[in-house]
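>>> structure, please.
(one chain, ligands or ions: 1)
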Amino acid sequence: MKLKIFYLYPNLMSLYGDVGNIITLRKRCEWRGIDCEIEEIKVGKNKNFREADLLFMGGGQDRGQRIVGQDLQNYKEEIKELVENGLPVLLICGGYQLFGKYFKTKDGVLIPGIEVIDIWTIGGDRRMIGNVIVQSSIFGKLVGFENHSGRTFLGEGIQPLGRVVKGYGNNGKDKLEGVVYKNLIGTYLHGPFLPKNPQVADWLIRKALTYRYREEIDLKPLNDELEIESHKAAERRA
Ligand code: GLN
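Numbers count the residues shown, from 1 in each chain. Just a heads-up that it's a prediction; the model follows:
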């Protein structure tokens, strides 16, 4: 079996170890004999999102998000349609913000999103920084590190990734963190996210295989001792 992952804008959108998510996905595929190809997607190059089985985008600074937000507009309809049809996506922080309606930065710059999910983000003066614990009904306990000024709000009926146990989450007010929409996950958790939350990595791999091969595929369990240790260490820190 084989998967193709699009790593969106790695030179502009990858903070606080976000590349670790790509390494985790690739390794967990490799350990199971699944061939995993990573294609780096850059500004201005023609891209065919129909070739991808999974999209990943990390966090970025407001300035980088402006450039990327603009480039993504060219693929808005295509990405929207693919997500509706079950394309799995993982978005961290700034990447998460760009898949919503808009991000208004704290300097008042309006960065239009690609409106794949009904969320919007407004920058504030106080940065929300620290270790986070989230309780998710799909994934159980999740851990990570957040650093953002943007406050994200979910539209009516939009499902969060989980509830904040420790930290700020989407906006520091409603105790919600991230989003799950079809096979798309958005979250503020860096750190990186997947190495210490391997159940999410496997969920994405399973969804990507089902998306590609149009059948349910069981994943061979892996020895997650180290992953569980790092999860616990992050939890203690929070
Ligand atoms: N620039 C965005 C914010 O500050 C996203 C930051 C990030 O991706 N860590 O909210």
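>>> show me which residues of the chain are close to the ligand?
Taking CB under 6 Å from any ligand atom as the contact definition, the chain meets the ligand at Leu15, Gly59, Gly60, Gln61, Asp62, Gln65, Cys93, Gly94, Asn147, His148, Ser149, Gly150. Quick note: C-beta positions are derived from backbone N, CA and C, even for glycine.
>>> helices of the chain, start to end?
When assigned using DSSP state H, the helices of the chain occupy the ranges 19-30, 62-72, 76-84, 94-98, 198-213, 225-237.
>>> got the angle for the second one vs helix 76-84?
Calculated by axes from the mean of the first three to the mean of the last three CA atoms, to 10 degrees, helix 62-72 forms an angle of 90 degrees with helix 76-84.
>>> so what touches helix 62-72?
Residues outside helix 62-72 that contact it (CB atoms under 8 Å, 6 or more residues apart in numbering) are 8-9, 12-13, 43-44, 60, 79, 94, 97-98, 103, 105-107, 109, 111-114, 123.
>>> swap in 7 Å and give it another go.
9, 12-13, 43-44, 60, 94, 97-98, 103, 105, 109, 111-114 (CB atoms under 7 Å, 6 or more residues apart in numbering).
>>> now, the most widely separated pair of those residues?
Maximum pairwise distance in those, criterion CB to CB, is 22.6 Å, between Gly44 and Thr105.
>>> of these two, which one has the most company?
Residue environment comparison for Gly44 versus Thr105 gives the larger neighbour count to Thr105, 20 against 8, counting by other CB atoms under 10 Å.
>>> who's in contact with that one?
For Thr105, the contacting residues are Asp62, Ile111, Gly123, by CB under 7 Å, 6+ apart.
>>> could you single out the nearest of those to Lys2?
The shortest separation between Lys2 and any of these is 34.9 Å, and it belongs to Ile111 (by CB to CB).
>>> isn't the closest one up against Tyr102?
Yes - using CB atoms under 7 Å, Ile111 is in contact with Tyr102, at 6.4 Å.
>>> and those two? Which one has more around it.
For Ile111 versus Tyr102, the count of surrounding residues by other CB under 10 Å is larger for Ile111: 21 against 16.
>>> show me what contacts that one?
Ile111 makes contact with Gln65, Arg66, Gly69, Tyr102, Phe103, Thr105, according to CB under 7 Å, 6+ apart.
>>> go ahead and flag the most central residue of this protein.
Most central in the chain under CA atoms, centre = their mean is Leu91, positioned 2.0 Å from the mean C-alpha point.
>>> partner residues bridging the residue nearest to it when sequence neighbours are not counted?
The shortest distance from Leu91 to any residue that is not its chain neighbour, by CB to CB, 6 or more residues apart in numbering, is 4.4 Å, and that residue is Gly186. Beta-bridge partners of Gly186, counted by DSSP bridges, are Leu91, Val179.
>>> what's the burial count for Gly186?
The criterion is other CB under 10 Å. On that basis, Gly186 has 29 neighbouring residues.
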